[in-house]
Structures are given as structure tokens and as C-alpha cells.
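Enquirer: Give me a 3D structure for the following:
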Amino acid sequence: MKRIILVTIGLLISSCLIFVFYKPLENTENIPNDVLDYIDAYGYRIVGYDEERTWHLTKENLKITYFETFHLMGLDIRDYLGKDLILNFVYVTNHPFDNDFDRLKRTIKYGFKTGFPNKTKIVVVKLENNIIGSYSLDVQTRDKLLGNIMGDIHGRRIEELIGKESNEVLEDIMIERDNILIN
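Expert: Numbering: from 1, shown residues only. All right, here's what the predicted structure looks like:
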């Protein structure tokens, strides 16, 4: 009798956890085939998709984070000024950010109020229907970003990629932005 009660309680708890943490795939039927193939090539599991958005890059709308984004993609931002870029936002699991201890700490801090605890947003960037790069964003708490947690497609942060501390990276980016604005 005790065994039946314990099994029943275990099944109830499992069902509750699945109900609380399960989030079905979102809007995945609208993912462009080239973006789908690109993400699949990295072995990530797609769990959601947002619509395409256009990003017109000009000197007047340059922000510090844009420079970081282009560095993460290994591109020179100057080559894309005045052009329309297409951004595709894809939510994935099985990404290196999923195993990040800092993510676990933030999840605990925000009371496990996540729609999908291990979810990363990958932004695939296209120019004239050709994929030119991508970057990753750590997503938590109902798809909102917690801080500036960005990395390349593999989850490596800019400090790792260029071998400098974050304050040195920021200083270099500000100098680069100022040089573009002056010229």
C-alpha cells in the first residue's frame, strides 16, 4: 500500500513539474529554411521563433552594444553602415549558455520564474538574403534579457574572443565608435 501511495505522489509531482516548466514550441513553422539549416548545423534544438526584423544601421543610430555584436560575429561594423540587415530571432536549447553556472544563480535569484529555464536566443543576421553571422543572448524570466549576457554562436563572450578584460573591451569599442562618428 505504501508503495502505491509513493508512486502516486511521485507521478503527481512529476506531472506538476512538467506542467509548470513545459513550454511548447512557439511559431517554429515560420522559420526560414536557411535559418533552420544554419541553427541545425550547430546541433541546437529549436524551441521558438520570433518574426524577422529589419535593422537599418547608420552612424546616427550606433550604440555600444552594436559594436559588441559585430565583434562577436567577427565582422567590421563599418562594412554594414547604411545597409538593411535582416534579423531572425530563434530560441534554442542545448546551447553552452544552458550549462552556465551564472544562469543557474540568476534563475534561483528570480525565483524560478522562467518560461523555459534553459533557453538561449540566437540572432541570425542576414544581408541580401545571405547569412553573414549570428550571436547568442542569454534569455531568462519570460524572454527578458538579464544583463548584457551576449556571446558568439558557441556562447563565447567577447572577452574570451579577444582576450581582454571587459573594461578594456568597452574602452576599445568606445574609441572605435568615436573614430567612426568623426570620419
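Enquirer: List the neighbouring strands of the helix or strand containing D138 plus their orientation.
Expert: In this assignment (DSSP states H and E), D138 forms part of strand 130-140. According to DSSP bridges, strand 130-140 forms sheet pairs with strand 119-127 (antiparallel), strand 144-151 (antiparallel).
Enquirer: Could you give me the buried positions within it?
Expert: Buried residues in strand 130-140, counted by 16 or more other C-beta atoms under 10 Å: I131, I132, G133, S134, Y135, S136, L137, D138, V139, Q140. Placement of C-beta: from N, CA and C, glycine included.
Enquirer: from those residues, which two are the most distant?
Expert: Using C-beta to C-beta, these span at most 27.5 Å, a distance reached by I132 and Q140.
Enquirer: if we can go back for a sec, can you report the mean pLDDT over the residues of the strand holding D138?
Expert: On average, the pLDDT along strand 130-140 is 87.
Enquirer: Going forward, the N-terminal residue is numbered 24.
Expert: Sure, I'll start counting at 24 from here, so that last one is strand 153-163.
Enquirer: CA atoms of it as CSV?
Expert: Extracted in CSV, the C-alpha atoms of strand 153-163 (Å, rounded to 0.1, in the frame of the first residue of the first chain):
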residue,chain,number,x,y,z
ASN,A,153,22.7,35.7,-47.2
ILE,A,154,23.5,34.8,-43.6
ILE,A,155,26.5,36.9,-42.5
GLY,A,156,26.7,35.9,-38.9
SER,A,157,24.9,35.3,-35.6
TYR,A,158,25.2,35.8,-31.9
SER,A,159,23.7,34.4,-28.7
LEU,A,160,21.7,36.1,-26.0
ASP,A,161,21.0,34.6,-22.6
VAL,A,162,17.2,34.7,-22.1
GLN,A,163,15.5,34.3,-18.7
